[in-house]
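> fold the following.
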Amino acid sequence: MHSLDIGLWVVVVLVALALLFDFMNGFHDAANSIATVVSTGVLKPHHAVAFAAFFNVVAVFVFQLKVASTIGKGTIDPSVVDHYVIFGALVGAVSWNLITWYYGIPSSSSHALIGGLVGAGAAKAGSDALVWSGVGKTIAFILISPLLGFLLGSLLMLAVSWLFFHSTPRRVDRWFRRLQLVSASLYSLGHGGNDAQKTMGIIWMLLIANGYAASGDATPPAWVIICCYLAMGFGTMFGGWRIVRTMGQKITKLKPVGGFCAETGGALTLFLATALGIPVSTTHTITGAIVGVGSTTDARKVRWGVAGTIVWAWILTIPCSALIAAIAWWLGRMVL
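Now for the predicted structure:
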């Protein structure tokens, strides 16, 4: 009975740590869904975060839980998972998120989590612990999601420019200030649908490994689903403004029409990835779409140096979070 109590307390602490990661995911990635709305002046910052948080939570009613299944069963071998692996993965992801948030670098919370799982799983059982098909899809979408965002953002911008060619700038601005509320809500919906499911997958893994959920279940327990969406919503409410500034102004100056095209292109990419069950980075997606929009109007106005810094953060995210997770797994074995 004593060992069971200790096991339960460890699970409770790790579930709390996972929900903290989910909160930080909302906090860290809030900028992705609201940066363009804030930078174009459509909404004030505090209104924008409340708006984004609402649609993050509403996503629970819209999307199937395919991403949660990929994280829970398709990244590392479920038989390898124990509380040490989950501890290492979460510490790796949270630590990397804090480092990049502190320096205002828009890295990916999603890939920090994948890196954490890979690092902790490999530290325990070597490369045999990895499910290469799932890891391969995730790594492929590190390139595909920003490229798709870039393509859709630029095509939408070209289509809108052609459709409104004879309209006055003031009329176009007025129209797209309203339409940007629609595009921002779609993007926040996509953000909640893809990102909250990643934490669900982690908690589900932990519950299965400790006998609190059956491995044959099609979805995580209902309380896990509700808690994850709420944690992300609250995180978004406290979103990080350093990253908003980078995403909304430093990469390229945006007008409402550009904000609409970037968000819509990003939202379509997220909807596709979530339908396929692939965990993608909202940061990668919206950055690609913003650069795509900026390059169609005037490629010289895109601050390629800032975009380059962000790319380096993408390249480093999985290896760095994996390394921190491997160290945390080793430390966890001594303290848990």
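
> which helix or strand contains residue 42?
Under DSSP states H and E, no helix or strand contains residue 42.

> quick check: closest non-adjacent residue to residue 15.
Counting by CB to CB, 6 or more residues apart in numbering, residue 15 lies nearest to residue 203, which is 5.6 Å off, once chain neighbours are set aside. (Glycine included, C-beta is placed from N, CA and C.)

> one more: residue 184?
Once flanking residues are discounted, residue 184 sits nearest to residue 37: 4.8 Å by CB to CB, 6+ apart.

> and the gap between that neighbour and residue 52?
8 Å (CB to CB, to the nearest Å).

> for the stretch 151-300 of the chain, what spans make up the helices?
169-209, 222-237, 241-245, 256-276, 282-298 (DSSP state H, counting those that start in this stretch).

> can you put those helices in JSON lines and add mean pLDDT, distance to residue 27 and mean neighbour count?
Converted to JSON lines, these look like this (pLDDT from 0 to 100; distance: least, CB to CB, whole Å; neighbours: other CB atoms under 10 Å):
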{"stretch": "helix 169-209", "mean pLDDT": "87", "distance to residue 27": "11", "mean neighbour count": "23"}
{"stretch": "helix 222-237", "mean pLDDT": "90", "distance to residue 27": "4", "mean neighbour count": "21"}
{"stretch": "helix 241-245", "mean pLDDT": "55", "distance to residue 27": "9", "mean neighbour count": "18"}
{"stretch": "helix 256-276", "mean pLDDT": "90", "distance to residue 27": "19", "mean neighbour count": "26"}
{"stretch": "helix 282-298", "mean pLDDT": "81", "distance to residue 27": "13", "mean neighbour count": "27"}
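
> looking at those, spot the one closest to residue 115.
helix 169-209 (12.1 Å; CB to CB).

> packing partners of that closest one?
helix 2-39, helix 45-58, helix 66-73, helix 83-102, helix 109-125, helix 222-237, helix 256-276, helix 282-298 (3 or more CB pairs under 8 Å, 6 or more residues apart in numbering; DSSP states H and E).

> just the residues contacting stretch 165-178, thanks.
Residues outside stretch 165-178 that contact it (CB atoms under 8 Å, 6 or more residues apart in numbering) are 40, 42, 164, 255, 256, 257, 259, 260.

> give me the below-cutoff pLDDT ranges for the protein.
For the chain, applying pLDDT under 70 flags the ranges 1-6, 30-32, 36, 40, 106, 239-254, 298-307, 309-310, 313.

> gap between the two ends of stretch 104-113?
19 Å (CA to CA, to the nearest Å).

> check which residues of that stretch are buried.
By 16 or more other CB atoms under 10 Å, the buried positions in stretch 104-113 come out as 104, 105, 106, 107, 108, 109, 110, 111, 112, 113.

> now stretch 54-69
Residues of stretch 54-69 classed as buried: 54-60, 63, 65-69 (neighbour count, 16+ other CB under 10 Å).

> so how far is residue 324 from residue 10?
20 Å.

> actually residue 78, not the one I wrote
23 Å.

> comparing the two, which residue is more hemmed in?
The residue with more neighbours, out of residue 78 and residue 324, is residue 324; 24 against 15, by other CB atoms under 10 Å.

> and the host helix or strand of that one, what does it pack onto?
Assigned by DSSP H and E, residue 324 belongs to helix 304-335. If you count contacts as 3+ CB pairs under 8 Å, 6+ apart, helix 304-335 packs onto helix 83-102, helix 109-125, helix 282-298.
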